[in-house]
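Visitor: next come a sequence and a model predicted from it.
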Amino acid sequence: MSHMIPATSIAAASPPAVILFGRDERQRPHASCFASAEIAAAERAAVLMGMHVLTVCNDAHRSLAESLPRGRIFKSNKAFVPFVKLGIFDQLLAAAGQPNAPMPVRAAGKPAGTPPVGKGGHGGTDAPGGAGGASKPPFDWADITIGSLVLATTGGPQEGWFEAVVRYTKADAHFVLAWRDWPLEPEFSRQRNDLALLHPGTATVESEA
């Protein structure tokens, strides 16, 4: 993604030094680890996103950190912190001495900007998935349109797939999307064949943007 700072090979090979973790507005657990070169950036992201920080200082912490995905720092100074299993999250709470209380994974509020107002079928708040609308999984790739709930990666297929909402369309089967669970992050562009489909029976969700 163009707005993401790529992890360097040194950071990727370095042992985890700090863990960010917290719950989102739907109370789902998130956590990821960062190398020593990323500590300052990770701590800054934790403040912006309202997350807990656990410094890796013993074998138990290190074992937990190694079970987590590597986080990434966005140019917005926030971090990419994926979902984790509840059991691992409970271990993180215990290791950090934190109560199991609701805590948002990012600061409350809305983006400063709004998606471009569509012209000639390119978006707008009256479209599905617009303000107050619901995002729906398409039945086929050909059905992907404004408001569709699809899966996209943060980089390549090995980075993991996460829910995104189509904001508006471009020429040559390109789509501009926003992360469903990180709506404050900049929009991004993907081709149709770079997207994956959710099961058509997936429950619809109300757009947060």
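Guide: Structure's in. What do you need? Note that this is a predicted model, so its numbers are computed, not measured.

Visitor: neighbours of Trp161, how many?
Guide: Per other CB atoms under 10 Å, the neighbour tally for Trp161 reads 14. The C-beta positions use only the backbone N, C-alpha and C, and glycine is treated the same way.

Visitor: skipping adjacent residues, who's closest to it in space?
Guide: Leaving aside its sequence neighbours, Trp161 sits nearest to Leu151 (CB to CB, 6 or more residues apart in numbering; 4.2 Å).

Visitor: helix, strand or coil: sort out the one you found for me.
Guide: Put simply, Leu151 is strand when judged by DSSP: H, G, I helix; E, B strand; the rest coil.

Visitor: tell me if Glu43 really is in a strand.
Guide: No. When classified by three-state DSSP, Glu43 is found to be helix rather than part of a strand.

Visitor: next SSE after the strand ranked longest in the chain?
Guide: Among the elements of type strand in the chain, defined by DSSP state E, the one spanning the most residues is strand 161-170. Scanning forward in sequence from strand 161-170, with DSSP states H and E defining helices and strands, the next element found is strand 174-179.

Visitor: list the contacts of the residue lying closest to Arg72 once chain neighbours are set aside.
Guide: Sequence neighbours aside, Phe80 is the residue nearest to Arg72 in space, at 4.3 Å (criterion: CB to CB, 6+ apart). Counting by CB atoms under 8 Å, 6 or more residues apart in numbering, Phe80 touches 4, 32, 71-74, 154, 182.

Visitor: and what of Leu64?
Guide: Here Leu64 is in contact with 19, 54, 88, 91-92, 95 (criterion: CB under 8 Å, 6+ apart).

Visitor: number of residues surrounding the nearest residue to Ala79 once chain neighbours are set aside?
Guide: In this structure, Ala79 finds its nearest non-sequential neighbour in Ala45, 3.8 Å apart by CB to CB, 6+ apart. Ala45 is flanked by 25 other residues according to other CB under 10 Å.

Visitor: sounds good, over and out.
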